[in-house]
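Asker: Sequence first, then the predicted structure, then my questions.
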Amino acid sequence: MAGRNIGVAVDFSPCSKSALRWAAANLAASGDRLILIHVKSSYQYEQGVAHLWEHDGSPLIPLVEFSDPRVSKMYGVAPDRETLEILTRAASCQKGVQVFAKVLWGDPGKKLTEALQRIPLQWLVVGSRGLSAVKRVLMGSVSSYVVKHAACPVTVVRENMLPSAVTTNH
């Protein structure tokens with residue numbers, strides 16, 4: 001199925017980079033848009049422009065702009081080299097895959113589930129740190145929240161990326 005909007009939740013941690021790699025290699029196909037979604041829980045930003053997008057998030061930012069340090073600074077995001085390399089490979093190696101970024105502000109679980117309808121997304125990929133049951137109860141889990149509340153398929157990728165580390169709900 002071509003023409004899908006595939007979201008990947010990224011906080012620039014190792015597990016979110018694993019999710020991004022997995023989505024680029026196993027899910028994105030010609031005609032799809034791969035959308036990196038970064039949720040900032042803090043409303044503190046150097047530039048005063050982010051308040052314009054506080055409710056709905058930033059516009060979709062093309063990869064070439066997101067890679068520009070001046071543009072990413074405007075949104076209060078600092079993508080690392082590895083993440084940008086994964087995105088660049090996805091855009092150049094898979095013909096017809098467009099890569100964008102979207103920055104949201106607020107509670108990560110809630111903002112990701114809102115993004116499913118607002119963008120809209122046909123699929124969402126999230127990373128999982130593999131918290132124990134006790135830690136999930138005490139700290140909460142963004143991936144658990146999203147799986148429970150999402151209205152589209154969600155794939156959860158653990159950092160080690162073994163075949164058994166990928167779970168998808170439909």
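Answerer: Thanks, I have it.

Asker: going forward, measure contacts and count neighbours with C-alpha atoms only.
Answerer: Will do.

Asker: Would you agree Val125 falls within a strand?
Answerer: Yes. Counting by DSSP: H, G, I helix; E, B strand; the rest coil, Val125 falls inside a strand.

Asker: where does this structure dip in pLDDT?
Answerer: 1-2, 42-54, 94, 129-140, 160-170 (pLDDT under 70).

Asker: which residues in it form helices?
Answerer: Per DSSP state H, the chain carries helices over the ranges 14-26, 63-66, 69-74, 81-93, 108-118, 133-139, 142-149.

Asker: starting at the chain centroid, how far to the fourth one?
Answerer: Put simply, helix 81-93 sits 14 Å off its chain's centre (C-alpha atoms, centre = their mean, to the nearest Å).

Asker: got the buried residues for it?
Answerer: Buried residues in helix 81-93, counting neighbours by 16 or more other C-alpha atoms under 10 Å, are found at Thr83, Ile86, Leu87, Thr88, Ala90, Ala91.

Asker: deepest of the helices of the chain, which one?
Answerer: helix 14-26 (a mean of 21; mean count of other C-alpha atoms under 10 Å).

Asker: picking that back up, with distance to Leu20 added, can I get the buried residues of helix 81-93 in a markdown table?
Answerer: Below are these laid out as a markdown table (distance: C-alpha to C-alpha, whole Å):
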| residue | distance to Leu20 |
| --- | --- |
| Thr83 | 8 |
| Ile86 | 7 |
| Leu87 | 8 |
| Thr88 | 12 |
| Ala90 | 10 |
| Ala91 | 12 |
